[in-house]
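generate a structure from the sequence data that follows.
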Amino acid sequence: MDLLQASAVSKRYGGIAALSGAEFHAAAGEVHALLGENGAGKSTFIQILAGAVRPDEGMINFDGAPFRAANPSAAQAAGISAVFQELSLIPDLTVEQNIWFRHEWRSPLRMIRRKALREKTLELFARYAFPAIAPDQEVRRLTLADRQVVEIAKALARDPKVLILDEATSSLAPRETEWLLGLATRFAGEGRLVIYISHRLQEVRQVAKRVTVFRNGQTVAAHDTASVSDDEIITEMLGRRMERLYPERRDTATAKLALKVRGLSAGSRLRDVDFDLREGEVLGVGGLQGHGQRELFQALFGIGKSRGSIELWGREMTARGPRQALTGRDGIALVPEDRRGQGLLLSKSVRENLTLAVIPRFSSGGILSARREKALVAEMMTFLRIKAKTPDQVAGTLSGGNQQKVVFGKMLLTEARVLLLFDPTRGVDVGTKGEIFTLMRDLAAKGYAILFYSSDQPELVHVADRVAVMQNGRMAAILEGAGISEDGILRAAMIEKH
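Reported below is the predicted structural model:
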């Protein structure tokens with residue numbers, strides 16, 4: 001018998017149908033994957049289950065009874081907890097305070113019993129073999145991956161019957177990903193249900209017994225995972241056959257150096273890094289997560305203090321900072337790790353986000369040219385195929401893939417020809433991934449130089465011309481030609497050189 005049954009569920013926002021008669025059926029004791037492009041209706045559906053959104057029509061039955069949660073607290077009380085792709089943690093609180101927020105143990109005088117808070121946190125961590133994170137650590141000091149782990153702990157602390165994981169591995173390293181997949185399997189094995197949303201079909205096959213596919217707000221297919229191929233799933237998601245995910249790799253690199261880095265160090269995480277990036281090249285950056293990749297990209301973009309030599313198009317960069325990096329065609333632009341927290345102003349429009357860094361391009365004497373701004377925005381939205389109702393749509397209401405396209409558009413409008421792309425396909429659907437990879441190769445062919453970090457090793461193998469592997473804050477190896485493989489990247493990342 002199904003633990004969760006959703007029938008004819010619909011939700012409209014103005015004239016836009018986010019869901020249109022969607023169906024979903026899942027049983028206790030299984031991991032059930034929910035797949036679809038960004039904008040297919042997955043987020044709206046799980047927000048309805050989690051009590052964050054109310055449906056306009058349809059029926060949901062949960063654990064044998066009609067279900068409609070008035071708010072997230074009601075959904076949690078009923079036994080449904082969600083880990084959304086966009087985190088909900090409070091940066092100024094500690095790990096344990098976030099996990100038990102509004103569920104703390106208190107004394108008769110209403111004071112929080114900190115000893116009980118610590119004990120319950122450690123019990124939860126031990127029960128699910130959580131990666132080592134200090135309960136008293138402030139969340140603002142954690143990496144994005146560790147914050148994701150805390151968000152998972154927060155959901156599990158409610159002891160739910162249904163656990164929704166929305167792209168929960170998108171910021172995790174391989175080791176933490178394996179831990180989470182094991183946790184999902186164990187959780188389902190206890191007679192509960194995991195709804196697993198991911199754009200990584202390899203993970204889906206590893207963990208999910210069944211899969212349901214949404215497209216354009218409707219359910220288009222449901223399968224036993226073992227009975228359907230990846231190509232069939234992708235075709236159902238897109239409504240068309242996708243010829244290839246990765247574009248043909250062409251040798252467009254020239255002998256001209258776009259970036260020459262020597263002895264670059266920052267804090268204790270980045271140490272004496274040397275490498276060259278050529279015009280027309282896509283240079284991948286790999287290695288186990290947390291070995292200095294983030295610090296490398298930040299140092300190159302001028303975030304924080306760094307030491308060493310950086311030559312950009314043959315000229316030494318002396319003054320360093322984001323303002324100095326963004327200097328027109330000879331500059332550097334960054335697509336950051338956290339698009340919502342670092343790349344976008346979510347409350348502002350698509351238009352404002354796209355043009356924020358290039359206001360001088362359509363202003364003169366302090367007067368803005370609305371006509372010129374409109375033309376720039378329209379050109380970029382068409383070029384990147386950004387799906388927004390109008391340029392004035394609030395960026396925070398876009399799907400994850402379209403938000404990432406806005407970040408790309410903002411970067412491209414700076415006209416910088418050295419591009420730093422930090423995990424640019426994190427949490428976006430397979431169709432948008434293909435568009436991003438094609439864009440990267442097209443830009444390289446036009447003479448851009450691209451430094452590209454990915455937590456997904458196959459992306460590095462299929463997209464990069466060379467791969468620089470980092471280990472303990474240093475460049476452990478630079479792989480070329482036939483040496484670029486998942487096995488080669490992993491070996492270079494793990495075998496320490498003396």
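
pretty sure Phe125 is in a strand, no?
No - Phe125: not assigned to a strand; according to DSSP: H, G, I helix; E, B strand; the rest coil it is helix.

setting aside sequence neighbours, what's the nearest residue to it?
Distances taken as C-beta to C-beta, 6 or more residues apart in numbering put Ala153 closest to Phe125, at 7.1 Å, once the chain neighbours are dropped. Quick note: C-beta positions are derived from backbone N, CA and C, even for glycine.

for the helix or strand of the chain with the lowest mean pLDDT, buried residues please.
Least confident helix or strand, the chain: helix 322-325 with a mean of 72, by mean pLDDT, DSSP states H and E. By 16 or more other C-beta atoms under 10 Å, the buried positions in helix 322-325 come out as Ala325.

ok, the closest residue to Val394 other than its chain neighbours - how many residues close by?
Nearest non-adjacent residue to Val394, counting by C-beta to C-beta, 6+ apart: Ser349, 6.1 Å away. Neighbours of Ser349 under the rule other C-beta atoms under 10 Å: 18.

quick check: Ser349 touching Thr397?
No - counting by C-beta atoms under 8 Å, Ser349 stays clear of Thr397, with 10.0 Å between them.

with just CA atoms, put the host helix or strand of Arg186 into PDB.
When elements are assigned from DSSP states H and E, Arg186 belongs to helix 174-189. Extracted in PDB, the C-alpha atoms of helix 174-189 (Å, rounded to 0.1, in the frame of the first residue of the first chain):
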ATOM      1  CA  PRO A 174      32.200  12.100  -3.000                       C
ATOM      2  CA  ARG A 175      32.700  10.700   0.500                       C
ATOM      3  CA  GLU A 176      29.800  12.700   2.000                       C
ATOM      4  CA  THR A 177      27.700  11.800  -1.100                       C
ATOM      5  CA  GLU A 178      28.200   8.100  -0.400                       C
ATOM      6  CA  TRP A 179      27.300   8.700   3.200                       C
ATOM      7  CA  LEU A 180      24.000  10.300   2.300                       C
ATOM      8  CA  LEU A 181      23.100   7.600  -0.200                       C
ATOM      9  CA  GLY A 182      23.700   5.100   2.500                       C
ATOM     10  CA  LEU A 183      21.600   7.100   4.900                       C
ATOM     11  CA  ALA A 184      18.700   7.200   2.400                       C
ATOM     12  CA  THR A 185      18.900   3.500   1.900                       C
ATOM     13  CA  ARG A 186      19.000   2.800   5.700                       C
ATOM     14  CA  PHE A 187      16.100   5.300   6.300                       C
ATOM     15  CA  ALA A 188      13.900   3.600   3.700                       C
ATOM     16  CA  GLY A 189      14.900   0.200   5.200                       C
END
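
still on that earlier bit, show me what contacts the residue nearest to Val394?
Each residue near Ser349 by C-beta atoms under 8 Å, 6 or more residues apart in numbering is listed here: Pro391, Asp392, Gln393, Val394, Ala395.

before we move on, back to that, okay, and the residue nearest to Phe125 sits in which element?
Using DSSP H and E, Ala153 sits within helix 144-156.

now that helix: mean pLDDT?
Helix 144-156 comes out with an average pLDDT of 92.

likewise stretch 260-273?
What stretch 260-273 shows for mean pLDDT is 93.

please enumerate residues in contact with that stretch?
274-277, 292, 294-296, 298-300, 304-311, 470, 472-475.

run the last query once more with 7 Å
Residues from elsewhere that reach stretch 260-273, judged by C-beta atoms under 7 Å, 6 or more residues apart in numbering: 274-276, 292, 295-296, 299, 304-311, 473-475.

got it, and stretch 380-398?
Stretch 380-398 is contacted from outside by 39, 344-351, 353-354, 377, 402-403, 405-406, 408-409, 412-413, using C-beta under 7 Å, 6+ apart.

buried ones among these?
Using 16+ other C-beta under 10 Å, the buried ones in the contacts of stretch 380-398 are 39, 344, 346, 349-351, 353-354, 377, 402-403, 405-406, 408-409, 412-413.

before we move on, the earlier item: for the helix holding Arg186, buried residues please.
Quick answer for helix 174-189 (16+ other C-beta under 10 Å): Glu176, Thr177, Trp179, Leu180, Leu181, Leu183, Ala184, Phe187, Ala188.

just the element for the residue nearest to the second one when sequence neighbours are not counted, please.
Translated: Thr177. Once flanking residues are discounted, Thr177 sits nearest to Thr169: 4.5 Å by C-beta to C-beta, 6+ apart. If you go by DSSP H and E, Thr169 is not part of any helix or strand.

now for Thr169: which residues touch it?
Counting by C-beta under 7 Å, 6+ apart, Thr169 touches Thr177, Leu180, Ser198, Arg200, Glu203.

closest to Thr94 among these?
Closest to Thr94 out of the contacts of Thr169 is Leu180 (22.1 Å), distances taken as C-beta to C-beta.

quick one: contacts for that closest one?
Leu180 is in contact with Ile152, Ala168, Thr169, Leu172, counting by C-beta under 7 Å, 6+ apart.

between the residues you listed, which sits nearest Gly14?
Ala168 (30.4 Å).

pull the number of nearby residues for the closest one.
By the criterion of other C-beta under 10 Å, Ala168 has 28 neighbours.

Gly286 too?
31.

tell me the domain boundaries of the protein?
Per the record, the chain has its domains at 2-238, 257-494, by automatic domain parsing.

which one of those lies closest to Pro247?
Distance to Pro247, taken as C-beta to C-beta, is lowest for domain 257-494 among the domains of the chain, at 4.7 Å.
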